[in-house]
Every structure is written in structure tokens, then in C-alpha cells.
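Colleague: Here is a sequence together with a model predicted from it:
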Protein chains: 4
Amino acid sequence: MFTTTVSPRFYETDAFGHVNNTVVAGWFETAREPIFRIFSPDMDIRQMSLILARIEVDFVAQIYYGKDVLLKTWIGKLGNSSFVVAHEAWQNDVCVARGQAVQVAFDFATQKSQPIPDGIRAELEKYLVP
Amino acid sequence: MFTTTVSPRFYETDAFGHVNNTVVAGWFETAREPIFRIFSPDMDIRQMSLILARIEVDFVAQIYYGKDVLLKTWIGKLGNSSFVVAHEAWQNDVCVARGQAVQVAFDFATQKSQPIPDGIRAELEKYLVP
Amino acid sequence: MFTTTVSPRFYETDAFGHVNNTVVAGWFETAREPIFRIFSPDMDIRQMSLILARIEVDFVAQIYYGKDVLLKTWIGKLGNSSFVVAHEAWQNDVCVARGQAVQVAFDFATQKSQPIPDGIRAELEKYLVP
Amino acid sequence: MFTTTVSPRFYETDAFGHVNNTVVAGWFETAREPIFRIFSPDMDIRQMSLILARIEVDFVAQIYYGKDVLLKTWIGKLGNSSFVVAHEAWQNDVCVARGQAVQVAFDFATQKSQPIPDGIRAELEKYLVP
């Protein structure tokens, strides 16, 4: 499992006084950075053959400014050309949000999905928690 | 149906050269503003008895900087205390993203969901497209 | 003078209940879009020979959610290779923020500033209000 | 001096392939969090008697995705009711941005600036580097 810690930023709060919901989609993208590194070890993002097809986020509890948030990330499902990344956000030992992202290995030249390369698949499998 | 137009902002693009996926979650929140106004006509947000329980976004096509995006929004489902808001984003006459948001009428005093008030329900029904 | 209207987005508010200050830097970038179009008429941003050297923002009054904001933009100073873009944000007929941006014509190949091309200079001069 | 480390987030990049300039204004706000804590130790932000009057950012070098950025923050000037916070952002041992923020002690009840309370002033002085 990958873990990342984010400190809520003041501009991420909203008029309700808590972290805005849309921010969590950005945090979960941030939590996928280790997966981007698997696809593109030198982080040459423009060469990264990966697209995002779908995201889901469940907002479980309010997220407060002033306390760190732990993001837990793993591979929930590993298909031929696509895979599901699962996320949880925890603050004060409470799960405050859950989510998932469907990522697809993609060939930008042909504009089509492509099988996940074997080396990358082997790496992703290490984080597979079905 | 509600419609809102957004002009992609330069800082909303990412290193792939298109609008970043997480931005769409923010646009769809923006597209729900007319619904926030139904719950709180004077836009006193801190008094608004409404929480967001869940979002989903499907990324259908790349979204480009330099062209407006039309957001179409309607009520997809209307329950007792919760309702589903459906969204589509269109650019250059192409549907580039779809999504939905589950909103819940909420009593902050008791920290519990509550039935959608009748007056608000009648207003939401006008935008119901099952 | 260029004018752009932005509707404050809910996620742009912060826990103080108003639009967050850092958001204004993004709005002013958005207000420079017509200037980006002068440098790159087809909005091929990656080919745009322009960098941002400096920004300043003065926060004059609180900016509220629920009311449009008018952004006024003009060229305040036009040098050989650099120019100053001046901005004002108005809400409810009150100037709520002022700012400026120093932009520099830049040759990415040599990584050096370069004179503003004549055709572009002529266009920028139309918006010069010293 | 206060130091904070931020990892550039993918959505913070823009179509130029680097971190967007407007993001730095948000990072510098984040770097002022220890100062917010001096004004409001329990981080009850809505009770914090502090407003932001002005920001300046100089963009010195491109900021890349994939490498941490160190934010150095100190008090540059300490007046009666206002003070200047100075910031630098460093990546790969290069100063990539400099900035400052003018903050003002503010009484929201009277909507006027007020002298910085003695206890807070003593704390801020520890970080004063004229």
C-alpha cells in the first residue's frame, strides 16, 4: 500500500469552515504519484502512457484545517489495459473520505487503450489488494 | 435543466497540455450553484442545510484550453432526504465529461439527514429528468 | 481595456466565509487571456514566447460568494522586452482588489528575454493606459 | 525562520509543463500557517484577527513536478499593526521564487486595524530577520 500525508491548506477550506469536497479529488490524484512513477520512472509526464477514465469519491466525514490527513492508496483491480486505484483519507484516526480512480494504459499515437506492459503490471501487482 | 458556461483557465491546464481532470469536479460543483440557491435563496452558505455525500466523474474526451465549456445539470433522482444531481460537460459540441453528485438535506444541529423541505422539493422537481 | 467577468466559485471561498486571497492571483491570470491570444492567436500555449516575472496583488475589500466580479485589465507600461499588465477586480461597484503582472517576451530556445515583436507591440499599445 | 516542504502536485502543473505561477501564491499562504498558529493557537480560524493586505511574488526559475520544494519564511518587518512576511521557494538548491505578504492585525468587530497584541509581537520578533 502507498501512503502519502497532506496538510490541509488554508485556501483548501471553504465557507462551511472545512476542507472543500472538490479538494479531495486533487489529493487522491496526488496520492497516485507513486503509480505515475511506475509508468514513467523519470517523471517525464508528457511521455506517460496513462489516462484517467473515471473517479469516484465518497465523503464520509468533515475534514478539518490544522491536522494532517493520511492518504492510503492501493490497486483494487488489475485488468488487461485498465486498473482501479483505491483511496482512503484518514484524519484523527477517522476515515473521512473513500474513493477510486479508473486508469487506462493508453497509446497516444493511436489514441487507443493498450495492454499494461508486463514490467509495469508486475510492479502494480505488488500493491494489489482485491 | 440548468446550464452554466465556464472558460477553462490557464492554471486549470496541466503538463499533459489539457484541462486537468480534477478541475472538472470543481466545475460540476460550480454548476450546482442554482441548486444551492434553491436551498439558500440569499446565498447565506453557512445556513445551507445541504451536504455532499458522493461524486462521480467520467472523463470522456480531452478538454482544451481556449474554448468555452457548457455544463448541463439536472436532477437525476429525488429521494426523501437525498437527491442525485447529473452533470455533463460539452466542448465543441462533444460531451467531454459526465458526472453525478449525491447531495443530502442535513440538519447541522442534530448532525443527521432530514427530509427535503416541501418547498425545496417542489422546486427541485422542476429540474427532474429521470 | 480588457474586461472579463468571473463568478466566484464555492470552492474558491475559504473558512473566513469569503473568496480566498490566493484565488485573485488566478483570476488575474485568467484576465490576461486576451494578452496570451495576442502572443499566440491560435492559443498554442506551448509555443507562446512569454513568461511571467512578477505579480503583485493588493486586497482592498472582502470578495463575496454569490455575486459576479468584473476584472478590468490594461497595459500599464510597455518596455523593450517586458511589459506591465494592470488589473482591478470590482464587485458590487466596489474595487475589491488591484494588481499587476510583469510579463517578459522570452525565447525558450536561448532561454533569454527578447524584444517584443513589432506586430505584437502595436497590438499591446492599443491597451496602453500609462 | 520557518520552513515547510511541499511536493508539487500534478494538477498544479500547467500546459507549459511546469508548476503554474499562481500556485506559488497558495504555497506561500501555506508557509504562513505557523504564523496563523501564533495568532490563533487552537487554529480557530474564524476567530483569527488577521487579514492579508498585499502579496508580491517574483518568479525566478521554472518549478518542476517530481521534486520537493522547500519554503523558507521569516518576518521581514514588524510594524505597529502590520508586518511583512518574507518567503523564498527552493528546488534542487536553486531559489525558484521569492515573495512577501503584508498582514494586518484586524478587529473584525470595528472593521479596523489594531495594534499587534504584545504576546503575539514577542513571538513574531523571534522570526524577525530585517
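Modeller: Here it is on my side, so go on.

Colleague: Tally up the residues packed near residue A:63, please.
Modeller: Neighbourhood size, residue A:63 [other Cβ atoms under 10 Å in any protein chain shown]: 24. From N, CA and C alone the C-beta is placed, and that goes for glycine too.

Colleague: chain center to the host helix or strand of residue A:89: distance?
Modeller: Element membership for residue A:89 (DSSP states H and E) is strand A:82-91. Computed by Cα atoms, centre = their mean, to the nearest Å, the chain-centroid distance of strand A:82-91 equals 6 Å.

Colleague: Check whether it comes near chain D.
Modeller: No: judged by Cβ under 8 Å from any Cβ of the partner chain, strand A:82-91 stays clear of chain D, getting no closer than 13.3 Å.

Colleague: Likewise for stretch A:37-49?
Modeller: Yes: counting by Cβ under 8 Å from any Cβ, chain D is contacted by stretch A:37-49 at A:43, A:45-46.

Colleague: what is the rounded mean pLDDT of the helix or strand harbouring residue A:98?
Modeller: Using DSSP H and E, residue A:98 falls within strand A:94-107. Strand A:94-107 carries an average pLDDT of 97.

Colleague: Export that strand to PDB, keeping only CA atoms.
Modeller: Provided in PDB are the C-alpha atoms of strand A:94-107 (Å, rounded to 0.1, in the frame of the first residue of the first chain):
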ATOM      1  CA  VAL A  94     -11.200   8.600  11.300                       C
ATOM      2  CA  CYS A  95     -11.700   7.600   7.700                       C
ATOM      3  CA  VAL A  96     -13.000  10.900   6.200                       C
ATOM      4  CA  ALA A  97     -13.200  10.000   2.500                       C
ATOM      5  CA  ARG A  98     -13.000   7.000   0.300                       C
ATOM      6  CA  GLY A  99     -12.600   6.900  -3.500                       C
ATOM      7  CA  GLN A 100     -11.400   5.200  -6.500                       C
ATOM      8  CA  ALA A 101      -9.900   6.000  -9.900                       C
ATOM      9  CA  VAL A 102     -10.000   4.000 -13.100                       C
ATOM     10  CA  GLN A 103      -6.800   4.500 -15.000                       C
ATOM     11  CA  VAL A 104      -6.200   3.100 -18.500                       C
ATOM     12  CA  ALA A 105      -2.900   2.400 -20.300                       C
ATOM     13  CA  PHE A 106      -3.100   4.400 -23.400                       C
ATOM     14  CA  ASP A 107      -1.200   4.800 -26.700                       C
END
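
Colleague: quick one, that strand and strand A:82-91 angle?
Modeller: 160 degrees (axes from the mean of the first three to the mean of the last three Cα atoms, to 10 degrees).

Colleague: what residues does chain A put near chain D?
Modeller: A:7, A:9-11, A:13, A:17, A:26, A:29-30, A:33, A:36, A:43, A:45-46, A:65-66.

Colleague: Grab the two from those residues that are most spread out in space.
Modeller: A:17 and A:46 (39.0 Å; Cβ to Cβ).

Colleague: between the two, which one's more packed in?
Modeller: Neighbour tally, residue A:17 and residue A:46, criterion other Cβ under 10 Å: the higher count belongs to residue A:17, 17 against 11.

Colleague: OK, contacts around that one?
Modeller: B:46, C:15, D:45-46 (Cβ atoms under 8 Å, 6 or more residues apart in numbering or on different chains).

Colleague: and it, which of the three is it?
Modeller: Assigned with DSSP: H, G, I helix; E, B strand; the rest coil, residue A:17 falls in the coil class.

Colleague: Is stretch A:55-66 in proximity to chain C?
Modeller: Yes: against chain C, stretch A:55-66 shows contacts by Cβ under 8 Å from any Cβ at residue A:65.

Colleague: For the closest residue to residue A:99 other than its chain neighbours, list each beta-bridge partner.
Modeller: Spatially, and ignoring its direct neighbours in sequence, residue A:99 is nearest to residue A:57 (4.0 Å; Cβ to Cβ, 6 or more residues apart in numbering or on different chains). Counting by DSSP bridges, residue A:57 forms beta bridges with residue A:99, residue B:55.

Colleague: Could you give the number of residues near residue A:57?
Modeller: For residue A:57, using other Cβ under 10 Å, the count is 26.

Colleague: Enumerate the residues of chain A near chain C.
Modeller: Residues of chain A lying close to chain C (Cβ under 8 Å from any Cβ) are A:10-11, A:13-15, A:17-18, A:20-23, A:65.

Colleague: was I right about residue A:104 contacting residue A:80?
Modeller: No: under the criterion of Cβ atoms under 8 Å, residue A:104 is not in contact with residue A:80, lying 10.2 Å apart.

Colleague: returning to that earlier point: near chain A, from the contacts of residue A:17?
Modeller: B:46, C:15, D:45-46.

Colleague: Looking at these, spot the one nearest chain A.
Modeller: residue C:15 (4.0 Å; Cβ to the nearest Cβ).

Colleague: My guess is residue A:91 contacts residue A:65. True?
Modeller: No: when contacts are counted by Cβ under 8 Å, residue A:91 is not listed as touching residue A:65 (10.4 Å).

Colleague: which of the contacts of residue A:17 sit farthest apart?
Modeller: Spatially, the most separated pair among the contacts of residue A:17 is B:46 and D:45, at 13.5 Å (Cβ to Cβ).

Colleague: and chain A, which of its residues are near chain B?
Modeller: So chain A meets chain B at A:15-17, A:21-22, A:25-26, A:29, A:45-46, A:51-59 (Cβ under 8 Å from any Cβ).

Colleague: Produce a ChimeraX select command limited to the buried residues of those.
Modeller: In ChimeraX, a selection of the buried entries from the residues of chain A next to chain B looks like this (16 or more other Cβ atoms under 10 Å in any protein chain shown):
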select /A:15,16,17,21,22,25,26,29,45,51,52,53,54,55,56,57,58,59
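
Colleague: Spit out the contact partners of residue A:114.
Modeller: Applying Cβ under 8 Å, 6+ apart, the residues near residue A:114 are A:49, A:81, A:105-107.

Colleague: ok, and the closest non-adjacent residue to it?
Modeller: The nearest residue in space to residue A:114 (Cβ to Cβ, 6+ apart) is residue A:107, at 4.5 Å.

Colleague: just residue A:80 next, same as before
Modeller: Using Cβ to Cβ, 6+ apart and skipping residues adjacent in sequence, the residue nearest residue A:80 is residue A:115, 5.5 Å away.

Colleague: Can you read off the pLDDT for that neighbour?
Modeller: The model's pLDDT for residue A:115 equals 97.

Colleague: Any idea how many residues pack against it?
Modeller: 12.

Colleague: Now do the same for it: helix, strand or coil?
Modeller: coil.

Colleague: Now do the phi/psi pair for it.
Modeller: phi -60, psi 140 (degrees, to the nearest 10).

Colleague: List the contacts of it.
Modeller: A:80-81, A:105 are the contacts of residue A:115 under Cβ under 8 Å, 6+ apart.

Colleague: and the residues you listed, which are buried?
Modeller: Using 16+ other Cβ under 10 Å as the burial test, the contacts of residue A:115 include residue A:105 as buried.

Colleague: for the contacts of residue A:115, which one is nearest chain D?
Modeller: residue A:105 (17.4 Å).
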